[in-house]
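Student: test case, fold it:
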Amino acid sequence: MINIQASQVINRPLSEVFEYVSDFHNNPSWQPIKQVKKLTSGPMRKGTKIRQVFDFRGARQHIDVEITDFKPAQKFSYKYVSPLASSNDEFHFMEVDGKTRVMISGKMKFPLLYRMSEPIVAPHLQKQAEISLRDLKQILESQKEDG
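Tutor: From the prediction side, this is the model:
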């Protein structure tokens with residue numbers, strides 16, 4: 001199993017950061033996701049399903065994500081199972097002196113056939129989480145203040 005943890009403080013209000021991150025349609029702007037499609041109707045909540053499309057080793061792949069917990073302005077989590085891996089990921093949000101700390105934690109498990117690759121893949125996934133949060137910070141901090 002691969003455990004990933006990353007954190008970033010973003011100089012934007014908690015409500016704004018949470019709203020942006022929890023809207024999966026924004027994922028292609030700060031994660032290596034190509035397309036996002038919400039598969040269920042209604043607002044984001046526990047049970048919401050979303051399809052994310054990405055490239056893996058030159059081939060287009062998709063995962064269907066299910067929201068497993070959703071607490072506005074606090075946290076959300078999701079899980080997915082695919083032929084490549086299964087994962088449980090959590091995003092936590094905390095206000096820190098008018099800024100927002102975003103914390104990501106993820107647990108990814110590969111099928112038995114691919115488990116030998118975990119030590120090779122783990123550093124790449126950790127680095128990608130850190131890069132994604134850095135990109136998120138840059139995007140949100142570059143937006144103009146309201147008003």
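Student: which parts of the chain are helices?
Tutor: 14-22, 27-30, 118-142 (DSSP state H).
Student: scan the chain for its longest strand.
Tutor: Identified as the longest strand of the chain according to DSSP state E is strand 59-71.
Student: contacts for it?
Tutor: Residues from elsewhere that reach strand 59-71 (Cβ atoms under 8 Å, 6 or more residues apart in numbering): 22, 24, 34, 39, 44-55, 75-80, 82, 84, 88, 90. Every residue, glycine included, has its C-beta placed from N, CA and C.
Student: pick the most deeply packed of the helices of the chain.
Tutor: Compared across these, helix 14-22 shows the largest average neighbour count, a mean of 18 (mean count of other Cβ atoms under 10 Å).
Student: the inter-axis angle of it versus helix 118-142?
Tutor: 130 degrees (axes from the mean of the first three to the mean of the last three Cα atoms, to 10 degrees).
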